[in-house]
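Visitor: Okay, here's the prediction I keep looking at, along with the sequence it came from:
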Amino acid sequence: MSQYMLLIYLPADGGLSPEEQAAESPRWYEYTEGLRSAGVHVAGDALHGIETATTVRVRDGETQITDGPFAETKELLGGYYVIDVPDLDTALEYAAGIPSVGRGSIEVRPVVDMTQVPGYADQAAAQAAG
């Protein structure tokens, strides 16, 4: 099995009204429960709005902190799921079922299995040993 992150992007302008959000909420619950029932759910959460974001950069040794996201975009990252499925095709099938896919987009990216990165497992074991 491989892990994939499903990054949920939504339009930056004109979000759902509170009534529309309430009407869509059961679809999100059903979708998440479907992932759990299928045994593929690893993690997932919605994110607060971009007005709560802070971006950190280090340039020439100096830390720069700015309010908001890194770039102006037409779509904003609204949340994510991490799923554990056999392959990309299966991940894409799950991505197509996300309730907001009709008004936004879903970016599907494989998660790196750090235990397969040369030297990483040795470093992690050395740190755990103390």
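Guide: Looks like it arrived, so ask away. Numbers count the residues shown, from 1 in each chain.

Visitor: residue boundaries of the strands in the chain?
Guide: Per DSSP state E, the chain carries strands over the ranges 2-11, 41-46, 54-59, 62-67, 75-85, 105-110.

Visitor: Residue 117 is nearest to which of these?
Guide: strand 105-110 (13.5 Å; C-beta to C-beta). C-betas here are computed from N, CA, C, even on glycine.

Visitor: thinking residue 75 is in contact with residue 12, fair?
Guide: Yes - the pair formed by residue 75 and residue 12 meets the contact definition of C-beta atoms under 8 Å, at 6.1 Å.

Visitor: And the residue nearest in space to the middle of the chain, how far from residue 107?
Guide: Geometric centre of the chain, nearest residue: residue 80, 2.7 Å, by C-alpha atoms, centre = their mean. Counting by C-beta to C-beta, to the nearest Å, the gap from residue 80 to residue 107 is 9 Å.

Visitor: hey, what's in contact with both of the two?
Guide: Common neighbours of residue 80 and residue 107, using C-beta atoms under 8 Å, 6 or more residues apart in numbering, are 6, 7.

Visitor: Which phi and psi values does residue 112 adopt?
Guide: Torsion angles at residue 112 (phi, psi; degrees, to the nearest 10) stand at phi -70, psi 130.

Visitor: what's the spacing between it and residue 3?
Guide: Residue 112 is 9 Å from residue 3, by C-beta to C-beta.

Visitor: wait, doesn't residue 104 sit right on residue 11?
Guide: Yes - with contact defined as C-beta under 8 Å, residue 104 and residue 11 form a contacting pair (6.2 Å).

Visitor: Quick check: neighbours shared by those two?
Guide: Listed as contacting both residue 104 and residue 11 by C-beta under 8 Å, 6+ apart are residue 75.
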